[in-house]
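A.B. asks: let me see the structure of the following:
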Amino acid sequence: MAPDLQVSLGSRGKVDSHRDGVIGRLAAHQHGVVSRRQLLDAGIAAGAMERRVASGHLVRVHRGVYAVGHAQLRREGRWLAAVLAAGRGAALSHRSAAALHGIRESDAIDVTTTRRVGVRGVLIHRTTRLEAGDLATRRGVPVTTLSRTLVDLAEILTREQLAKLVREADRAGRLTAATVENARGRVAGRRDAGAKALRAALDEHERLAISLTLSELEDRFLALLDARDLPRPLTNHPAEGFKLDAAWPEARLAVELDGWAWHHDRAAFQADRARDAALLRAGWRVVRFTHADVVRRPAHVAQTLHTLLTR
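C.D. replies: I've put the predicted structure just below:
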């Protein structure tokens, strides 16, 4: 072999090694998949891609999307491949988004985009607008936010399925006050069956469960007292080795604000009862109010405290 040809082949080998490194690093952060656009942006020429497709180093998953080395992708890889195939600004949505958020299992692959595209094996949902506030990234996959996902699913699930989905989101600890209010705002004024079902599911959630953080619940409680001219308590007051959510030391009255997020398991329930017993032995009266009491039954809360504080 001619010396100059040996040098040329050696240089090409180094270039190919560098390219493979670039591809490998990109795939390592993307569940084993890369897009043609990403490779071009990274300096990998079209001819270099074609050689790797021919050699099996790049395996086509969708048009313009490849698995690196093999096509045995995990679920996240299949999801991300579908999103990449739908183009910039696309996001996993609907049933797939619920699965990624950990609140519902599904084998379907749903992607929402503003573009007119078709992707084999993927259910494309086209929308006129997909704003930054609708989007999140979870486990490296662009996905619609939980509130947007709930609104999307309200259009395709039955009333019972939607109610179960909201319960699962709550049980998984994903249903925050912001999520609930955002979802409510999206369906406010709408009269279609999906919007009505979602509002009903969220109402039931707020009636039985908790969507506020502890600090938010405390703020609601204090505002309730102010609105009814009841004396403000000390908050996070230390007593008998515990911190009381709200306390009127002179009246030896303590209020504990119970949120579902802090009382999901039997151990927490038992610890609360032991705490109450210790405070009662020390001469404290302990009253527990739930999220539903504070939000839905403020008159009941106010009357109870008025009676106890004036007794």
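
A.B. asks: now do the helices in this protein.
C.D. replies: For the chain, the helices defined by DSSP state H occupy 3-28, 36-41, 46-55, 75-86, 94-100, 146-153, 159-171, 177-187, 193-208, 214-227, 266-281, 291-296, 298-310.

A.B. asks: between the ones you listed, which one is nearest to His125?
C.D. replies: With distances scored as C-beta to C-beta, the stretch of the helices of the chain nearest to His125 is helix 94-100 (6.4 Å). Placement of C-beta: from N, CA and C, glycine included.

A.B. asks: from the contact counts, what lies against that closest one?
C.D. replies: Using 3 or more C-beta pairs under 8 Å, 6 or more residues apart in numbering; DSSP states H and E as the contact criterion, the secondary-structure elements in contact with helix 94-100 are helix 75-86, strand 110-113, strand 141-144, helix 146-153.

A.B. asks: now these in JSON lines, please, with extra columns for mean pLDDT.
C.D. replies: Putting these into JSON lines (pLDDT from 0 to 100) gives the following:
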{"stretch": "helix 75-86", "mean pLDDT": "97"}
{"stretch": "strand 110-113", "mean pLDDT": "98"}
{"stretch": "strand 141-144", "mean pLDDT": "97"}
{"stretch": "helix 146-153", "mean pLDDT": "95"}
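
A.B. asks: so how far does stretch 50-70 reach from one end to the other?
C.D. replies: Using C-alpha to C-alpha, to the nearest Å, the span of stretch 50-70 from its first residue to its last is 16 Å.

A.B. asks: try stretch 137-152
C.D. replies: 17 Å.

A.B. asks: ok, Gln161 - contacts?
C.D. replies: For Gln161, no contacting residues are found, by C-beta atoms under 8 Å, 6 or more residues apart in numbering.

A.B. asks: show the pLDDT at it.
C.D. replies: On the pLDDT scale, Gln161 is placed at 92.

A.B. asks: distance of it relative to Ile103?
C.D. replies: Between Gln161 and Ile103 the computed distance is 12 Å (C-beta to C-beta, to the nearest Å).

A.B. asks: tell me where the model's unsure across this protein.
C.D. replies: 1-16, 206-214, 259-269 (pLDDT under 70).

A.B. asks: check contacts around Thr127.
C.D. replies: By C-beta under 8 Å, 6+ apart, the residues touching Thr127 are Thr112, Thr113, Thr114.

A.B. asks: report the contact partners of the closest residue in space to the first one that isn't next to it in sequence.
C.D. replies: It refers to Thr112. Distances taken as C-beta to C-beta, 6 or more residues apart in numbering place Ser93 nearest to Thr112, at 3.8 Å, with adjacent residues excluded. Residues in contact with Ser93 (C-beta under 8 Å, 6+ apart) are Asp110, Val111, Thr112, His125, Val143, Thr144, Arg148, Thr149, Asp152.

A.B. asks: go again with 7 Å.
C.D. replies: Shown here is Ser93, whose contacts under the criterion C-beta atoms under 7 Å, 6 or more residues apart in numbering are Asp110, Val111, Thr112, His125, Thr144, Thr149, Asp152.

A.B. asks: against Gln303, how distant is the third one?
C.D. replies: As for Thr112, its distance to Gln303 is 48 Å (criterion: C-beta to C-beta).

A.B. asks: and the two? Which one has more around it.
C.D. replies: Comparing Thr112 with Gln303 by other C-beta atoms under 10 Å, the one with more neighbours is Thr112, at 27 against 12.

A.B. asks: check contacts around the more buried one.
C.D. replies: By C-beta under 7 Å, 6+ apart, Thr112 lies in contact with Ala90, Ala91, Ser93, His125, Thr127, Leu130, Thr144.

A.B. asks: pretty sure Arg60 contacts Val68?
C.D. replies: No - with contact defined as C-beta atoms under 7 Å, Arg60 does not count as touching Val68 (11.4 Å).

A.B. asks: who has more neighbours, those two?
C.D. replies: Taking Arg60 and Val68 together and counting by other C-beta under 10 Å, Val68 has the greater number of neighbours (20 against 13).

A.B. asks: the more buried one: what's it in contact with?
C.D. replies: With C-beta under 7 Å, 6+ apart as the criterion, the residues that contact Val68 are Ile23, Gly24, Ala27, Gly32, Val34, Leu58.

A.B. asks: what about the second one, how many residues nearby?
C.D. replies: Looking back up the chat, that one is Gly24. When neighbours are counted by other C-beta under 10 Å, Gly24 registers 14.

A.B. asks: ok, back up a step: how about the contacts of Ser93, which pair is most distant?
C.D. replies: Using C-beta to C-beta, these reach their maximum pairwise distance at Val111 and Thr149, which is 12.6 Å.
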